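Peer 1: what follows is a predicted protein model with its sequence.
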Amino acid sequence: MRDTVRQDKLRSLLETKKAALLANLRKSMGEQRTENARMSFELAQDDGDKSVEDHEHHVQSAVQSMKSEQLEDIEQALEKLAEGSYGICAECGCEIPIQRLAIQPAASYCVACQEKIDRISKRETLWNKDITSSDDETYDYLDDE
Ligand SMILES: [Zn+2]
């Protein structure tokens, strides 16, 4: 039997994240445009219109691709959720805690397995410290139901 409460929570979690990302994307594109308009004006003094257009295009697509990568993670997560395969550890098959998925929607492993994997990759990257424990602000909204 499927745990529909968990599925529902995961769905609303992902949809909240998606909405926030989209809002963020729109906002930063807006800001980017304002900033570009200012730079366009300055650059246009020397360089003429063509390079200004190139520059604008470059900056915008950089911002866009960064954000849309995150968005893609969420979309994929939603697809997996629909299939019923989201939030399951790819290593041991247990359910990944929702709190963990809130921080890392694209997580494919439970904490224990992730730590195992991190320990291995840490050894490889020479003590790359403290990647996982920095972010707990997302815990908050999960508690209010
Ligand atoms: Zn696991």
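Peer 2: Here it is on my side, so go on.
Peer 1: quick check, pLDDT for the most centrally placed residue in the chain.
Peer 2: Note on the chain: the residue nearest the mean C-alpha position is Q70, at 3.5 Å, using CA atoms, centre = their mean. Looking at Q70, its pLDDT stands at 88.
Peer 1: cool, and H55?
Peer 2: pLDDT, read off for H55, is 75.
Peer 1: ok, it touching M39?
Peer 2: Yes. H55 is in contact with M39 according to CB atoms under 8 Å; the separation is 7.2 Å. C-betas here are computed from N, CA, C, even on glycine.
Peer 1: can you tell me, leaving aside adjacent residues, what's nearest to K116?
Peer 2: Spatially, and ignoring its direct neighbours in sequence, K116 is nearest to E91 (7.6 Å; CB to CB, 6 or more residues apart in numbering).
Peer 1: who touches the one you found in this structure?
Peer 2: Going by CB atoms under 8 Å, 6 or more residues apart in numbering, E91 touches 109-110, 113, 116-117.
Peer 1: which of the residues you listed are close to the ion?
Peer 2: 110, 113 (CB under 5 Å from the ion).
Peer 1: separate out the buried members of the contacts of E91.
Peer 2: Among these, the ones that count as buried by 16 or more other CB atoms under 10 Å are 109-110, 113.
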